[in-house]
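[1] Fold the stuff below for me.
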Amino acid sequence: MVATGDDGKSDRISHHRLCVELHLHNKTVVFDALDAAGIATVVVTFDGYGDSGQIERLEIEGAVDTLPAATVEIATSIWGEREPQRQSMSLADAIEKLIYDFLGSAHDGWEDNDGAYGEFTFDVADRTIRLDYNERYTASVNYSHEF
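    You can find the predicted model right below:
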């Protein structure tokens with residue numbers, strides 16, 4: 001990387017732009033594979049708290065009731081690299097990667113402390129991914145009295 005004199009601001013912007021482009025590319029790859037398999041909807045439930053989080057359940061609606069064993073190529077941006085890293089993975093792993101990427105970009109730290117839970121809905125016909133996100137928190141109210 002070339003020093004920019006702006007404390008890396010242009011590098012961060014370039015990296016962010018590449019991440020956005022790759023999210024769109026990866027989303028297209030996943031939707032193409034889902035469409036080819038005859039899948040109409042995928043609903044993925046996640047839950048996280050106490051500094052860890054995971055996918056709880058993946059449900060499919062459509063002409064089939066399981067994800068195909070298809071392999072897709074996903075691209076990932078690596079900080080400081082101009083070219084993305086490309087890797088082949090199962091469709092299930094690609095869906096999981098998209099989910100973790102979108103959670104990280106929309107709600108970084110979703111798995112920390114009280115955490116969060118929710119679901120992603122992949123609508124293949126509309127080619128949209130909707131996130132229903134629920135954040136947990138602990139509240140404390142203090143009252144002090146002197147009589």
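
[2] Helices along this structure, start to end?
    In the chain, the helices defined using DSSP state H lie at 9-36, 91-106.

[3] Let me know the angle separating the last one from helix 9-36.
    Same thing as helix 91-106. Counting by axes from the mean of the first three to the mean of the last three Cα atoms, to 10 degrees, helix 91-106 lies at 140 degrees to helix 9-36.

[4] which residues sit against helix 91-106?
    19, 23, 26-27, 29-30, 33-34, 37, 42, 44, 46, 53, 55, 58, 67-72, 74, 76, 89, 110, 120, 122, 129, 131, 133 (Cβ atoms under 8 Å, 6 or more residues apart in numbering). For glycine as for every other residue, the C-beta is placed from the backbone atoms N, C-alpha and C.

[5] Could you list the buried residues of that helix?
    Residues of helix 91-106 classed as buried: Leu91, Ala92, Ala94, Ile95, Glu96, Lys97, Leu98, Ile99, Tyr100, Asp101, Leu103 (neighbour count, 16 or more other Cβ atoms under 10 Å).

[6] okay if I get these as CSV plus pLDDT and distance to Tyr137?
    As requested, the buried residues of helix 91-106 are exported to CSV (pLDDT from 0 to 100; distance: Cβ to Cβ, whole Å):
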residue, pLDDT, distance to Tyr137
Leu91, 96, 35
Ala92, 95, 32
Ala94, 97, 32
Ile95, 97, 28
Glu96, 95, 26
Lys97, 93, 28
Leu98, 94, 26
Ile99, 94, 22
Tyr100, 93, 22
Asp101, 91, 24
Leu103, 93, 17
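
[7] circling back to that earlier point, need the least confident one among the helices of the chain, by mean pLDDT.
    Ranked by mean pLDDT, the helices of the chain bottom out at helix 9-36, with a mean of 89.

[8] what's the distance between that one and the middle of its chain?
    Here helix 9-36 is found 11 Å from its chain centre; the criterion is Cα atoms, centre = their mean, to the nearest Å.
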